[in-house]
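Chemist: could you work out the structure for the sequence below:
(chains A, B, C and D)
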There are 2 protein chains.
Amino acid sequence: MTTDPRPAEPPASLRERKRERTRAALIAAGVELFERDGYDQTTVAGIAAAADIGTRTFFGYFASKEELLFPRADDRVAAALAAIRERRPGERPVDVLLGGLRGLPPDDDELVGRLALLRLRLIPTVPAVAGRAYAAQFAAQRDIAAALVEAYPGELDGPSAAALTGAFVGAIAAALDVLLVAVDVPPPPDAVRGALIEAVESALGASDRQGAGERRTAGG
Amino acid sequence: MTTDPRPAEPPASLRERKRERTRAALIAAGVELFERDGYDQTTVAGIAAAADIGTRTFFGYFASKEELLFPRADDRVAAALAAIRERRPGERPVDVLLGGLRGLPPDDDELVGRLALLRLRLIPTVPAVAGRAYAAQFAAQRDIAAALVEAYPGELDGPSAAALTGAFVGAIAAALDVLLVAVDVPPPPDAVRGALIEAVESALGASDRQGAGERRTAGG
DNA sequence: TGCCATTATGCACTCAATGCCATTTAGCGT
DNA sequence: ACGCTAAATGGCATTGAGTGCATAATGGCA
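Modeler: Numbers count the residues shown, from 1 in each chain, chains lettered A, B, ... in the order given. Below you'll find the predicted structure:
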């Protein structure tokens, strides 16, 4: 379930290290400027200048302005896939997914970090950012749904697996929005995590909640 | 539940009728060109030329290129809100939402029409379109979640309502993707509708499906 | 040191989108 | 029918994202 959290190995060669430093500088400059001046008011040229590189070079690091907000592939997808892989026999799909969610570290940066928070705030207001986030979510759902179909042959067909995954991811996204964006000051990470899990469980009707008491295998 | 499906009243004044015709011509030209040449290859200037208006005028009708794909406010939100308003006492939130889904007309254009299909195909590939779709979905979820909180005071709090709504909408979106986009030739509308309802029900654990036998109030 | 591949950058270009402004046209009262 | 007003139209210029191309700078390696 641990899935190797953030290796963060510094690349070997000088060239790669330098490139990684520039990349980090670009992200830092972007986040800084986005927060200070707003997304639309911040130009790529400005970000590049703040990181002390040419404007053209920016696009050698990120394909677009909004890509800056999605610097890494989502670890949560890997966590979900791992949870499916390590499922217990008889465990229902919805409980497997919820188990994966519970297994995430409480202070997961991708869930409640500064960049993630900025991203969440920008998604409802900037179409381009929303589009990028949606694309990532869609890809994630496809992967998870495919894994579910493979893990539950006969029980789950394509549409059902897609619907279940969409419900799961949709519940998380919507709950996170309420818990992190629609509040004045975001609560501490572990509180967010607890409330998130509770909300998602109540939405999906997990074993711990309403009825279906036969296969109560998932522990707290 | 019927919610006045497509009034389509022709506007009174000559000016408004003319404007409506131009608007329809723009949509038609856009859909045509998008399908023929692809979204990115189609320029706003090209669409305007095909509809025989100036490029600048296009933006008097649509704020952006992708707005062309979202010509009307989503009726389904209204249907969901109506379903919540007309709920039966004791009916669980999830069953209310599913009831609203079942109440939709089988050939709802917004669900399976040509424009909707093109939109669904474009969403995974064009970030701008995805962004617009996501924004609409987000707004819809906020409205529905707010209505749910109001309809179920004490039972549903903000995060729970958001999670449930997100799960519902997410399940629909993901299932529609599988049923309409990830197939060679889309099946007939009523078949899509039936499969969609079935998939969403299985994902959300409706009364008709798994456990939770105490409050079995919702009929078929 | 010198060669090679990668990286950085400048320049010109396309296209979406916006602001400004002149012109046309529909709606309406007289 | 006439003329006024407001909306609609569209041309022109501008900004900013993103791309292709050519060239220079730089690290890896013999």
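Chemist: count of neighbours near residue A:137?
Modeler: Using other CB atoms under 10 Å in any protein chain shown, residue A:137 is surrounded by 22 other residues. All C-beta spots, glycine's among them, are computed from the backbone N, C-alpha and C.
Chemist: so it makes contact with residue A:169?
Modeler: Yes: judged on CB atoms under 8 Å, residue A:137 makes contact with residue A:169 at a distance of 6.0 Å.
Chemist: other residues contacting stretch A:32-43?
Modeler: Residues from elsewhere that reach stretch A:32-43, judged by CB atoms under 8 Å, 6 or more residues apart in numbering or on different chains: A:30, A:46, A:47, A:50, A:69, A:118, A:122, A:125, A:126, A:129.
Chemist: and the gap between the last one and residue A:66?
Modeler: Going from residue A:129 to residue A:66 by CB to CB, to the nearest Å gives 5 Å.
Chemist: repeat that for residue A:94.
Modeler: When CB to CB is the yardstick, residue A:94 and residue A:66 sit 32 Å from each other.
Chemist: cool, residue A:126 as well?
Modeler: 7 Å.
Chemist: repeat that for residue A:60.
Modeler: From residue A:60 across to residue A:66, the span is 16 Å (CB to CB).
Chemist: quick one, which of those two is more surrounded?
Modeler: Ranked by neighbour count (other CB under 10 Å), residue A:60 and residue A:66 place residue A:66 first, with 22 against 12.
Chemist: so the more buried one is in contact with residue A:123, correct?
Modeler: No: counting by CB under 8 Å, residue A:66 does not reach residue A:123; the two are 10.0 Å apart.
Chemist: who touches both of the two?
Modeler: residue A:129.
Chemist: flag every residue of chain A that's near DNA strand D.
Modeler: Within reach of DNA strand D by CB under 7 Å from any atom of the strand, chain A has these residues: A:13-16, A:18, A:42-45, A:56, A:59, A:63-66, A:128.
Chemist: anything in stretch A:188-200 near chain B?
Modeler: Yes: judged by CB under 8 Å from any CB of the partner chain, stretch A:188-200 and chain B are in contact via A:195, A:196, A:198, A:199, A:200.
Chemist: just the helices from chain A, written as ranges.
Modeler: According to DSSP state H, chain A carries its helices in the segments A:14-37, A:44-50, A:55-61, A:75-85, A:93-102, A:109-112, A:114-122, A:127-151, A:158-176, A:189-204.
Chemist: how far off centre is the first one?
Modeler: For helix A:14-37, the distance from its own C-alpha centre to the chain's C-alpha centre is 20 Å (CA atoms, centre = their mean, to the nearest Å).
Chemist: swap in the last one?
Modeler: Here helix A:189-204 shows a centroid-to-chain-centroid distance of 15 Å under the convention CA atoms, centre = their mean.
Chemist: and that helix with helix B:158-176, angle?
Modeler: Here the directions of helix A:189-204 and helix B:158-176 differ by 60 degrees (axes from the mean of the first three to the mean of the last three CA atoms, to 10 degrees).
Chemist: show me what helix A:189-204 is packed against.
Modeler: helix A:93-102, helix A:109-112, helix A:158-176, helix B:158-176 (3 or more CB pairs under 8 Å, 6 or more residues apart in numbering or on different chains; DSSP states H and E).
Chemist: cool, the third one as well?
Modeler: For helix A:55-61, the packing partners by 3+ CB pairs under 8 Å, 6+ apart come out as helix A:14-37, helix A:44-50.
Chemist: please report phi then psi for residue A:123.
Modeler: Dihedral angles of residue A:123 (phi, psi; degrees, to the nearest 10) stand at phi -60, psi -50.
Chemist: residue contacts, it?
Modeler: Applying CB under 8 Å, 6+ apart, we find residue A:123 in contact with A:129, A:130, A:133, B:134, B:138.
Chemist: if I look at the third one, how far off is DNA strand C?
Modeler: Going back to what we said before, that points to residue A:133. Remark: distance between residue A:133 and DNA strand C (CB to the nearest atom of the strand, to the nearest Å) = 18 Å.
Chemist: surely that residue touches residue B:134?
Modeler: Yes: contact between residue A:133 and residue B:134 holds when scored by CB under 8 Å: they sit 7.0 Å apart.
Chemist: more crowded one of those two?
Modeler: residue B:134 (26 against 23).
Chemist: before we move on, the earlier item: right, and the helices and strands packed on helix A:55-61 - which one's nearest residue B:155?
Modeler: helix A:14-37 (37.7 Å; CB to CB).
Chemist: need the helix or strand of chain A with the lowest average pLDDT.
Modeler: In chain A, no helix or strand scores lower on mean pLDDT, DSSP states H and E than helix A:109-112, which sits at a mean of 68.
Chemist: in contact with the residue in chain A positioned nearest to chain B, which residues?
Modeler: Residue of chain A nearest chain B, by CB to the nearest CB: residue A:170 (2.0 Å). Applying CB under 8 Å, 6+ apart to residue A:170 gives the contacts B:166, B:167, B:168, B:169, B:170, B:171, B:173, B:174.
Chemist: switch to 6 Å and redo it
Modeler: The contact partners of residue A:170, by CB atoms under 6 Å, 6 or more residues apart in numbering or on different chains, come to B:166, B:167, B:169, B:170.
Chemist: export the residues you listed to TSV and tack on distance to DNA strand C?
Modeler: Converted to TSV, these look like this (distance: CB to the nearest atom of the strand, whole Å):
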residue	distance to DNA strand C
B:166	27
B:167	31
B:169	25
B:170	26
